[in-house]
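Novice: I'd like to go over a predicted model; first the sequence, then the structure.
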Amino acid sequence: MRRRCDGLGVPEDVVDLTDAHDDGNDCTIDQCDETGPTHKVSPDGTGCKGGKGYCVAGWCVECMRQSDCEDLPDAVCDAHKCVPASCIDNRLGSDEADTDCGGRCVPCANGAKCNIDADCSSAACRAGRCVAPTASDGRANGSETDVDCGGRDAPACSNGERCAYHADCTSGVCIGNVCRAPMCADGTQNGDETGIDCGGACPVACE
């Protein structure tokens with residue numbers, strides 16, 4: 001949002017289409033329209049914004065083909081990650097948590113052995129096994145944006161916790177990837193507003 005004069009000597013808050021919300025994803029196109037922020041998924045094969053890797057299904061990955069790993073000695077592209085060739089030999093290596101996964105290899109599926117959370121595709125290692133993420137495991141995993149909150153399957157996050165979209169927050173306000181208290185210039189209908197940034201306790205009445 002930005003503030004401007006309405007021509008009658010009264011300041012008003014209007015949508016600023018040049019001030020796009022950054023969702024923190026290297027593989028989305030951050031834009032604004034009259035309804036709020038939009039984050040269109042970049043086409044597969046697009047270079048990640050950070051300059052390294054490629055976009056696949058909306059996420060930045062290390063490799064798409066074997067040639068992407070040619071700068072690393074004895075490396076192969078496995079599940080979009082450059083890993084040692086030993087990660088695809090169907091044997092349990094000394095630096096693997098389970099056969100061909102964990103450690104320096106691709107993360108393991110649920111049910112496989114693990115040593116740390118990073119060994120698992122779910123980012124949840126319990127009692128030496130990879131388990132599916134839950135909204136009560138004390139970890140920020142799955143689609144969660146912070147510990148046990150945000151995303152598709154967990155409750156909304158409180159103010160001060162990390163977020164990607166307004167829906168990740170109990171306040172309905174995600175600014176700079178942090179949940180914040182409702183304001184009368186946040187581009188979202190929340191709090192006691194009867195419209196977007198108008199009505200209720202806001203100084204601007206809704207039309």
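Specialist: Thanks, I have it.
Novice: for R2, give its distance to P11.
Specialist: R2 is 11 Å from P11, where distance means Cβ to Cβ, to the nearest Å. Where you see a C-beta, it was placed from the backbone N, CA and C, and this is true even at glycine.
Novice: please read the previous query as pertaining to G151.
Specialist: 37 Å.
Novice: could you do E207 as well?
Specialist: As judged by Cβ to Cβ, E207 and P11 stand 16 Å apart.
Novice: go ahead and confirm C69 touches H80.
Specialist: No: if you go by Cβ atoms under 8 Å, C69 and H80 don't touch, sitting 10.6 Å apart.
Novice: now do the shared contacts for these two.
Specialist: E62, C63 (Cβ atoms under 8 Å, 6 or more residues apart in numbering).
Novice: higher neighbour count, E207 and P11?
Specialist: For E207 versus P11, neighbours defined as other Cβ atoms under 10 Å are more numerous around P11 (10 against 6).
Novice: the more buried one bridge partners, please.
Specialist: Listed by DSSP bridges, the beta-bridge partners for P11 are C5.
Novice: my read: it touches C5, true?
Specialist: Yes: P11 sits in contact with C5 when judged by Cβ under 8 Å, with a separation of 6.0 Å.
Novice: and D148, what does it touch?
Specialist: D148 is in contact with A135, S136, D137, G138, R139, A140, A154, P155, counting by Cβ under 8 Å, 6+ apart.
Novice: closest one of the residues you listed to D26?
Specialist: D26 lies nearest to A140 out of these, by Cβ to Cβ, at 18.4 Å.
Novice: and the pLDDT at that closest one?
Specialist: The score at A140 is 88. That number is its pLDDT.
Novice: how far away is R65 from A156?
Specialist: Counting by Cβ to Cβ, the gap from R65 to A156 is 40 Å.
Novice: look up phi and psi at A20.
Specialist: Torsion angles at A20 (phi, psi; degrees, to the nearest 10) stand at phi -70, psi 140.
Novice: for it, which non-adjacent residue is spatially closest?
Specialist: D30 (4.3 Å; Cβ to Cβ, 6 or more residues apart in numbering).
Novice: pretty sure the one you found contacts G24?
Specialist: No: counting by Cβ under 8 Å, D30 does not reach G24; the two are 9.5 Å apart.
Novice: helix, strand, or coil at the residue nearest to A20?
Specialist: strand (DSSP: H, G, I helix; E, B strand; the rest coil).
Novice: so what's it up against?
Specialist: A20, H21, D22, D23, P37, T38, H39.
Novice: show me which positions of stretch 161-169 end up buried.
Specialist: By neighbour count on 16 or more other Cβ atoms under 10 Å, the buried set for stretch 161-169 is E161, R162, C163, A164, Y165, H166, D168, C169.
Novice: any idea how far E193 is from the fourth one?
Specialist: Counting by Cβ to Cβ, the gap between A164 and E193 amounts to 22 Å.
Novice: could you pull up phi and psi at A118?
Specialist: The phi/psi pair for A118 (degrees, to the nearest 10) reads phi -70, psi -10.
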